[in-house]
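Visitor: Show me the folded form of this:
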Amino acid sequence: MSTPETEQDSVLGRMPVLLGEREYGTVGAHTTCFAYAVATWCFLTGGYVAELVGAVQGIVCLVAGTLIGLFVTTMPLSIACQRYGLEQMDSCKPAFGQRGAQLMLIFYLINMLGWSGLILVMFGNGLHNIAEALGYQPGRWLVGVGVALGLWFSYLIVTRGVHLLKLANSIITPGLALLVAFMLYVLLYEKGWETIAAAEPLAPGPTPFINYMIAFELGIAGGISWWGGIGFLARNTRSRRNAIYPELLQLGLAGALVCCVGLFSALVVRSSDPTEWMVPIGGVFLGVLALGFVALANVTSTAVSLFASGLALRHVPGLRDMQWKRLMLLTIAPCVPFVFWPHELFDLGDAFLAYNGTMYAPIVGIVFVDFFVLRRQRLSLWAIFEGAPGGAYHYSHGFHWPALASLLLGQGLYLFLFNPITGETHALFRLMPASVAACVVPALTYWLATLVMRKAATADRNAPRHLVEPNI
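Guide: Now for the predicted structure:
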């Protein structure tokens, strides 16, 4: 049975979470993943795809792309974090080394806190549009106030542990499911499928096939973007089935279908943000009710991201023993700029989505090969928490150079094939999406380099059974 002291070390820290400390059974895992998936970043992704392709092509790009990206992202992290109760950054140490995994922490925090800021801007937009629906004329300042309120509500949830997060999601999830169904019904009833299917893309490029490939790329990058929350969800589940299936079905399939709602609305209403069109189409009562549920979804999704970010910050030596409430305040601090410049930062959302593919596709491929091919799904807990130079996962000065070199190769290859800022593509982009190439090529490079070095494959078997310099 866990005590406040053990909870600080495991549930709220980096010690492996025991089965008795885990909150999520089947229902809890599905509801949390669904509430996490049905956040307005899905509507944003659908809106970005609507700029390039129509409804039918968009459905293929979003559903197939998201599931492909999520599958390769989910499998190694879900199994490792669930089996060993590990925090996500710790599960990357066998591949990248003790200090190399800390470099991943930078990418990780940018992903989690960037998404948190973006969806809190939509929370603020929702408050602004609710006020307008009720007859008020608020200024743009209300959006920033909404971001601040969303941060405060998220803080209240995460400082009370995983149990309250699970409880909040179990209450919100049924309403969210009805909300998405209602939004789809409103679109189909008011506009009709024929109108939606015939709608032209909002801002397509000159080549239809390249438009399609970029849209497919955004779908894959959207699936890979879940990399940040996979480990947190999996380590709190009680079985492998509950770690894998809810993530694939809810984050993958359900999330992609919600993206399609954003796609449809962007094509025919010219806005992927449901807070802008639910009231005009659904009426004041239903519109305001829908906006309320969207706002709640944004807050709970932000809470999951902040919780996982706080756990990741435990890797920083000075923060390992910090009180959880203080650590959460420190975690929230990078989101404060969204309070003052919500619209300016929100406009960078499509570039941020592509950034996730740039940063994470190589990591996903390397971790996949390391866990399934080289280590055959076996890790050494002793080596993960050993900070001494002689530790099995310490490698050279704490870095596993084949993994880091492969990571840089993958990121360079991604930018060579597709520039997420300008939208420019290389001729080879026609043959393979940038995220796929940036995942497969580093994975093969890492596998070959590791076989040549003959080190990582045997590190687990040679790991000592005691800790010299614990890094927790």
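Visitor: I'd assumed residue 21 was in contact with residue 163.
Guide: No. Here residue 163 lies out of contact with residue 21, judged by Cβ atoms under 8 Å, at a distance of 10.6 Å. Backbone N, C-alpha and C define where each C-beta goes, glycine included.
Visitor: Between those two, tell me which one has more neighbours.
Guide: residue 21 (19 against 11; other Cβ atoms under 10 Å).
Visitor: gap between that one and residue 13?
Guide: The gap separating residue 21 from residue 13 is 11 Å, by Cβ to Cβ, to the nearest Å.
Visitor: Now name the helix or strand holding residue 241.
Guide: Here residue 241 sits within helix 240-246, counting by DSSP states H and E.
Visitor: Regarding the chain, what is its longest helix?
Guide: helix 98-133 (DSSP state H).
Visitor: Report the mean confidence score over it.
Guide: The pLDDT scores in helix 98-133 average 82.
Visitor: which is the next helix or strand following that helix?
Guide: helix 141-158.
Visitor: Return, as residue ranges, the portions of the stretch 251-400 of the chain with sub-threshold pLDDT.
Guide: 272-283, 286-287, 291, 350, 353-357 (pLDDT under 70).
Visitor: Please spell out which residues along stretch 159-170 are buried.
Guide: Judged by neighbour count (16 or more other Cβ atoms under 10 Å), stretch 159-170 contains these buried residues: 159, 162, 165-166, 168-169.
Visitor: Next: stretch 398-410.
Guide: Of the residues in stretch 398-410, 398-400, 402-404, 406-407, 409-410 count as buried by neighbour count, 16+ other Cβ under 10 Å.
Visitor: gap between that stretch and the chain center?
Guide: 22 Å (Cα atoms, centre = their mean, to the nearest Å).
Visitor: Now name the helix or strand holding the closest residue to residue 252 other than its chain neighbours.
Guide: Excluding the flanking residues, the one nearest residue 252 by Cβ to Cβ, 6 or more residues apart in numbering is residue 70, at 4.2 Å. Assigned by DSSP H and E, residue 70 belongs to helix 55-84.
Visitor: how much space is there between the residue nearest to residue 13 when sequence neighbours are not counted and residue 389?
Guide: Leaving aside its sequence neighbours, residue 13 sits nearest to residue 314 (Cβ to Cβ, 6+ apart; 5.6 Å). Counting by Cβ to Cβ, the gap from residue 314 to residue 389 is 22 Å.
Visitor: Between these two, point out the one with more neighbours.
Guide: Under the criterion of other Cβ under 10 Å, the comparison of residue 314 against residue 389 puts residue 314 first, with 22 against 13.
Visitor: Does the more buried one touch residue 87 like I think?
Guide: Yes. Counting by Cβ under 8 Å, residue 314 does reach residue 87; the two are 7.1 Å apart.
Visitor: what is in contact with those two at once?
Guide: Common neighbours of residue 314 and residue 87, counting by Cβ atoms under 8 Å, 6 or more residues apart in numbering, are residue 14.
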